[in-house]
Structures are given as structure tokens and as C-alpha cells.
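Participant: Take a look and give me a structure for this.
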Amino acid sequence: MPCSGPVHVIGANGRSGLALCQALRAGGQDFVPIVRDSARWQATRLPVPARLADLAHDPARLRHALRDATTIVLTAHARHLPAVLAVAPPQARLVALGSTRLFTRWPDAHARGVLHGAQALARSGRNGVLLHPTMIYGATGENNVQRLAALMRRLPVLPLPGGGRARLQPIWQGDVTRALLAAIGRDWHGPHSLIIAGGDQVSYRDFTRMVALAAGLGPRPVLPVPGAVLMALARLRLPGLPVITPAEVRRLMEDKIFDITPMRTQLGLTPLPLALGLARTFGPTAFC
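Facilitator: Residues are numbered from 1 along each chain as shown. As a prediction, this is how the structure comes out:
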């Protein structure tokens with residue numbers, strides 16, 4: 001990996017941050033984990049000392065944590081990019097995780113935070129890239145496909161807005177890690193933005209069937225329900241069912257399909273097929 005000095009990983013306690021740190025260690029690349037909770041980092045048992053920093057409230061400590069950084073990876077929310085840019089050494093390259101939520105028709109605080117970070121990187125002129133993943137599945141502790149499987153374990157039929165015709169393109173956590181590694185190893189001239197997504201485009205109806213099969217369940221019949229009705233039901237917090245917010249229901253009515261040619265070209269990344277990623281997620285030897 002053509003990386004000068006250790007990789008400073010901000011958000012190393014998070015799902016994507018920890019997966020990246022594990023991959024860097026496996027590849028023999030030095031890294032500096034930057035976390036807010038030292039006890040939580042010690043629980044990972046990775047034998048690398050962490051530096052403490054608070055992205056939102058302590059710029060001086062963040063500056064000190066990044067004092068010798070040449071490559072910085074921000075796996076925390078992209079809304080923190082302005083704070084990182086403000087204190088990062090001038091020569092440091094930046095790789096950060098955003099989200100394709102940026103492109104939603106119904107922007108929320110999450111989407112606006114990603115937009116704020118993307119604008120800050122673009123204005124900075126710094127060398128680096130903001131990677132925008134689609135829905136990530138397969139990470140330790142992730143709750144996308146796991147919540148869906150839990151829901152199907154409790155319901156004989158699965159209510160979906162519009163019958164689940166909207167399409168999505170989820171990406172396996174291992175491919176997110178591979179994308180971060182490829183971005184770290186690439187020379188970026190100026191600020192860039194790149195979508196990373198899975199290779200399979202499926203309807204929500206077909207996605208639920210694939211999740212059910214991977215989780216060892218029988219596929220649930222889909223019950224078409226108007227989106228407004230499901231959004232109202234989501235506010236009731238029915239006992240025994242996973243919490244699903246009205247905003248999540250509304251996003252089920254939106255296509256989330258993207259061209260991954262730039263990802264393949266610039267990162268050399270061919271994503272794992274969805275069926276195989278789900279098998280690894282739910283299998284007895286699942287890994288991410």
C-alpha cells in the first residue's frame with residue numbers, strides 16, 4: 001500500500017472504522033486509531049494504542065491527535081469533515097465515508113450533514129475523496145438486514161409500501177473496507193466524490209426474499225400497503241417488533257440505484273454478489 005506513515009483512523013470504534021483497522025493490521029499497515037471512548041477501544045483487543053479526540057467539542061485535542069498525520073480516514077459521520085479539515089496537517093490526504101442518503105428526495109438531518117461535509121471538502125481543495133456507500137450490510141452489529149430478519153420471524157406476511165417495487169443496491173461491509181483500502185492507496189489530486197455500491201440491483205420484494213433465505217426462514221408473502229398507512233403504523237411502536245421509523249418507511253418507496261462504473265474504474269473494486277454477502281452475514285462462519 002503506497003501510504004507514507006501510519007493511517008490515522010477517526011471513528012475506529014465504529015463498525016466501518018473497526019473493520020478498517022482490522023484490515024490494516026492484517027495487511028501489515030501501521031495505523032493510529034482515534035476514538036472518543038478508550039475503554040471501548042481496549043475491548044476490541046487490537047494491540048494498538050488509541051488517541052482520544054472529540055470531533056464535536058474539542059478541536060485542540062483533535063489537532064493534537066492528528067499532529068503527525070499524512071493519511072486521515074474519517075469513518076465517523078461526514079458532518080464532522082469541516083472539523084477535521086480545520087485541524088488536519090496541510091499535507092495530509094483525506095478519505096471519508098459519506099452516504100448516498102445525500103441524493104434522497106426527502107433530506108433529513110443525516111443527509112444534510114453529509115451534504116455539509118461534501119461541500120466543505122469540495123471548498124477545501126484538499127487531496128482526498130468522500131466515498132458514498134449505499135445501504136451497508138454484513139458488519140458486526142449492523143441492524144439493517146438483521147432487523148428485517150427479526151421482523152420476518154414475527155410476521156406471517158410482510159407489509160411493504162407499493163408492494164416493494166422500489167429498488168436498492170446494498171453493499172457488503174467487506175466491500176466498504178476494500179473501497180477504503182483502495183482509496184488510501186490511491187493518489188488523489190484535489191477533492192473527489194465517489195459512490196460505492198453493490199453490483200446487484202434488486203426490488204425490496206426480492207431483497208426480503210433473499211434475506212429470509214439467508215437467515216434460514218421461509219420467504220414471507222408481501223402485502224402491498226399504502227406508504228402513508230405504514231408510516232402511521234410505524235409511529236405506534238408495536239410491542240415485540242423491531243423499531244422502524246416513518247422516515248425509514250418513506251425511504252422504502254424510493255429507488256436507490258447508482259452507476260458503479262466509476263467505482264470499478266477508480267478503485268478497481270468488483271463488489272461481492274448480494275446472495276454471497278447475505279450468506280456470509282447469516283452463516284455460522286460470518287465475517288466482515
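Participant: hey, let's count contacts and neighbours off CA atoms from now on
Facilitator: Noted.
Participant: Report all helices and strands that the helix ranked longest in the chain contacts.
Facilitator: As assigned by DSSP state H, the longest helix anywhere in the chain is helix 109-124. When contacts are defined as 3 or more C-alpha pairs under 8 Å, 6 or more residues apart in numbering; DSSP states H and E, helix 109-124 sits against helix 81-87, strand 191-196.
Participant: who's in contact with stretch 219-229?
Facilitator: Residues from elsewhere that reach stretch 219-229 (C-alpha atoms under 8 Å, 6 or more residues apart in numbering): 152, 155-164, 205, 208-210, 212-213, 249-250, 253.
Participant: Which positions within that stretch qualify as buried?
Facilitator: Residues 219-222, 227 are the ones in stretch 219-229 that count as buried (16 or more other C-alpha atoms under 10 Å).
Participant: could you check the distance from the residue most central in space within the chain over to residue 167?
Facilitator: Most central in the chain under C-alpha atoms, centre = their mean is residue 136, positioned 5.0 Å from the mean C-alpha point. Using C-alpha to C-alpha, to the nearest Å, residue 136 is found at 15 Å from residue 167.
Participant: which stretches of this protein form strands?
Facilitator: Remark: strands assigned in the chain by DSSP state E are 7-10, 31-35, 51-52, 71-74, 93-97, 128-133, 136-137, 158-161, 167-168, 171-172, 191-196, 202-203, 222-225.
Participant: Now distance to residue 105 and mean pLDDT too, for those strands, in a markdown table please.
Facilitator: Shown next, in a markdown table, are the strands of the chain (distance: least, C-alpha to C-alpha, whole Å; pLDDT from 0 to 100):
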| stretch | distance to residue 105 | mean pLDDT |
| --- | --- | --- |
| strand 7-10 | 29 | 98 |
| strand 31-35 | 33 | 98 |
| strand 51-52 | 37 | 98 |
| strand 71-74 | 26 | 98 |
| strand 93-97 | 20 | 98 |
| strand 128-133 | 16 | 98 |
| strand 136-137 | 20 | 95 |
| strand 158-161 | 16 | 92 |
| strand 167-168 | 15 | 97 |
| strand 171-172 | 21 | 96 |
| strand 191-196 | 17 | 98 |
| strand 202-203 | 18 | 98 |
| strand 222-225 | 21 | 93 |
